[in-house]
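> Pasted the sequence and its predicted model underneath.
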Amino acid sequence: MAIHILLLSLIIICAAFAVVRTRVIRAAIMLAAISIFVTIVLFVLNMPLAAIFELSVCAGLITVIFISVISLTNPLTVEERFEERDNMFKKFLLLPVLIIICAASFYMLTKGINFIPILDVSEAAEISDKAAMWHLKQIDLIGQIIIILTGVFGVVVLFKDNKDDKK
Amino acid sequence: MSYEALMLFKLYLITAPVLFVIGIYAIIVTRNIISMIIGLEIMTKGVTILLAAAGFFNGRPHLMEPLIITMIVIEVVILMIAAGYIINIAKKHNSLDVENIKNIKG
């Protein structure tokens, strides 16, 4: 129980730090930290495949993409950063209050839950991780392939050289 | 189902919406496009945690695993497209502030 509480509180703290910041690169690193903690949560919850995916893709690939994007854009000047920092603290003053309200309201909602519904025993309960991935969720896999191809197409279109820019 | 498992499930049920709220608030309040995408990512983490907890406490984590993997794939594709847009906007307007790109027509 203690490890769950520790991990979940670390995730919330990292999320709060990721949104309340002035340098975007620090937010990207905080996001990677959140992904690492989510990975540990997935391992603890007996989902090793999803955990490995989360670690390699979310903590690795997404952080690399974020850092590349940030390095390709112009950083803020010192004056702009100070100005943004002042605005940032004013904007996010309400965030702790919102978090407390949200947590309290969901605590009240979950008070009525006295049991966790267990689904009826079916064939799905007997199959292994691999079988669930490759046999039961075949349409998911097709969907994933289509989404990846769409993403590739989108990236090709977005990074295509614009003839007007050369002029 | 033991009392401890029930309390853990409730803990996850409280944590996931909190992460979702942090993400939504970041998207609403900030004007930097990269920060908005980071808010979106935080929202997705909340959903991942909720899905994982639902699968584990129902006794069928292997059924929820492919769903989480699918969601991660979608997350990456969204980020790739968003990255392309961000770089194009930054090149064209020399700024990442959404206030400065309001003159886009079409």
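It's in.

> which stretches of chain B form helices?
B:3-29, B:33-57, B:61-93 (DSSP state H).

> Just say which of these is most tucked in.
Scoring the helices of chain B by mean neighbour count under mean count of other C-beta atoms under 10 Å in any protein chain shown gives helix B:33-57 as the most buried, with a mean of 22. In short, each C-beta sits where N, CA and C put it, glycine included.

> Does anything pack onto that helix? Which helices or strands?
Applying 3 or more C-beta pairs under 8 Å, 6 or more residues apart in numbering or on different chains; DSSP states H and E, one finds that helix B:33-57 makes contact with helix A:2-19, helix A:24-44, helix A:63-72, helix B:3-29, helix B:61-93.

> now it: mean pLDDT?
What helix B:33-57 shows for mean pLDDT is 91.

> in chain B, what residue sits furthest out from the centroid?
Here chain B reaches farthest from its C-alpha mean at B:Ser2, the gap being 31.2 Å by C-alpha atoms, centre = their mean.

> coming back round to it: what about the helices and strands packed on helix B:33-57, which gets the closest to A:Leu94?
When the helices and strands packed on helix B:33-57 are compared by C-beta to C-beta, helix B:3-29 sits nearest A:Leu94, at 7.7 Å.

> Apart from its neighbours in sequence, what residue is nearest the spatially most central residue of chain B?
Chain B has B:Thr44 as the residue nearest its centroid, 2.5 Å off, counting by C-alpha atoms, centre = their mean. Leaving aside its sequence neighbours, B:Thr44 sits nearest to B:Glu75 (C-beta to C-beta, 6 or more residues apart in numbering or on different chains; 5.1 Å).

> where does that neighbour land on pLDDT?
The predicted local confidence for B:Glu75 is 91.

> contacting residues around it?
A:Cys58, A:Ile62, B:Glu41, B:Thr44 (C-beta atoms under 8 Å, 6 or more residues apart in numbering or on different chains).

> Go through stretch A:8-23 and flag the buried ones.
A:Leu8, A:Leu10, A:Ile11, A:Ile12, A:Cys14, A:Ala15, A:Ala16, A:Ala18, A:Val19, A:Val20, A:Arg21, A:Thr22 (16 or more other C-beta atoms under 10 Å in any protein chain shown).

> Then stretch A:41-51?
A:Val41, A:Leu42, A:Leu45, A:Met47, A:Leu49, A:Ala50, A:Ala51.
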